[in-house]
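S.K.: output the structure for:
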Amino acid sequence: MKKRPVVLKFGTGILAKEGGCSLDEGQFRRLCSEIAGLHAEGIPCIVVSSAAVAAGVDALKLPKRPTDLAGKQACAAVGQPALMTAYARHLARHGLRPAQLLLTHDDIFDTGRRRNASVTLTRLLESPGVIPVINENDSVAVEELRFGDNDRLSSEVAQLVKARLLILLTSADGLMARPSPGASSERLPVVKDIKAAFRHVTPDKGEHSTGGMQAKLQAVQSAVAAGIETLIAHGRRKGSILDAVHGEDVGTRFPVKKRSK
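M.R.: Numbering: from 1, shown residues only. Next up is the predicted model:
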């Protein structure tokens, strides 16, 4: 790799249609086009993707998303191939192809497994036209389904590959300042004190999100502490990915503190 990779995290809220019961093909088309834009600039890219459950609900023709863990895992098992098919179809428009990696948090924290994952990702990033697409192995692991919609996993992957930037795409414009009574909430463009940022978190989250802004800030905190700049941006805003990588004023940016000499 000549350049450090960018890690992109796509949550269910930006990949699924309203209701979270099927994939949004228009979103896949646009996001894959932006991924291709990064690739054309020679910037390696890794995707950490949710939405296997949404794809499985559609594939199984269920009337609604299951609420029990076993039902979610069954949907994820059926939906994961459909999710990868969507990536394959839309990346192929740009001469690219996805490579699937299903990880658990144990794969990151166990020394031997971590080494294997790192070697595999490095080789994939060196392979022409290949975009690694990572999801938690939801059919056997439960961290994403219960706690964080892959926010934590994306931070761990970014640290594993020493990413230049981690971008968490969500259904908000970024971290919004908690407004004073009678005032409207405004986006915080740059946040340097992450601990203080938690006071802006509200209990609101997407209907099918398992983490919300609290989980995202925890992921940000971990990544920034490891020296990886992180950004939270709106996943349905055209150009968010390329603008974030190019340093434009989009979303909320969490810069890495410069070490004093």
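S.K.: residues touching V161, list them.
M.R.: R4, P5, V7, I46, S118, L121, T122, L125 (CB atoms under 8 Å, 6 or more residues apart in numbering). (Each C-beta comes from the backbone N, C-alpha and C, glycine too.)
S.K.: so which of these are in strands?
M.R.: V7, I46 (DSSP state E).
S.K.: give me the buried subset of the contacts of V161.
M.R.: Neighbour-count burial within the contacts of V161 applies to R4, P5, V7, I46, L121, L125; the criterion is 16 or more other CB atoms under 10 Å.
S.K.: quick one: low-confidence ranges for this structure?
M.R.: Filtered on pLDDT under 70, the chain yields the residue ranges 1-2, 138-149, 180-183, 203-211, 259-261.
S.K.: what about P128, how many residues nearby?
M.R.: Look at P128: counted by other CB atoms under 10 Å, it has 8 neighbours.
S.K.: could you look up the SS state of it?
M.R.: When classified by DSSP: H, G, I helix; E, B strand; the rest coil, P128 comes out as coil.
S.K.: what's the distance between it and G42?
M.R.: Separation of P128 from G42 (CB to CB, to the nearest Å) stands at 12 Å.
S.K.: any idea how far T67 lies from G20?
M.R.: From T67 over to G20 the distance is 12 Å, taken as CB to CB.
S.K.: of the two, which one has the most company?
M.R.: G20 (20 against 7).
S.K.: which residues touch K216?
M.R.: Shown in contact with K216 (CB under 8 Å, 6+ apart): D151, L168, T170, I232.
S.K.: hmm, A215 and the first one touching each other?
M.R.: Yep, that's D151 we're talking about. Yes - if you go by CB atoms under 8 Å, D151 and A215 touch, sitting 4.5 Å apart.
S.K.: more neighbours: which of those two?
M.R.: Neighbour totals were compared for D151 and A215, and D151 leads with 31 against 22 (other CB under 10 Å).
S.K.: show me where the stretch 151-261 of the chain has its helices.
M.R.: All helices of the stretch 151-261 of the chain, identified by DSSP state H, counting those that start in this stretch, fall at 151-160, 194-197, 212-225, 240-245.
S.K.: name the helices or strands packed onto the last one?
M.R.: Helices and strands touching helix 240-245, by 3 or more CB pairs under 8 Å, 6 or more residues apart in numbering; DSSP states H and E, are helix 25-40, strand 165-170, strand 229-234.
S.K.: what angle sits between the second one and helix 151-160?
M.R.: The one in question is strand 165-170. 170 degrees (axes from the mean of the first three to the mean of the last three CA atoms, to 10 degrees).
S.K.: likewise the last one?
M.R.: With the same axes, to 10 degrees as the criterion, the two stretches strand 229-234 and helix 151-160 enclose an angle of 140 degrees.
S.K.: name the surrounding residues that touch strand 229-234.
M.R.: With contact meaning CB under 8 Å, 6+ apart, strand 229-234 is reached by 155, 158, 164-175, 213, 216, 219-220, 223-224, 240-241, 243-244, 250-256.
S.K.: cool, and the first one?
M.R.: The set of residues that contact helix 25-40 without belonging to it, under CB under 8 Å, 6+ apart, is 6, 8, 10, 14-15, 45, 47, 86-87, 89-91, 93-96, 129, 131, 235-236, 238-242, 245.
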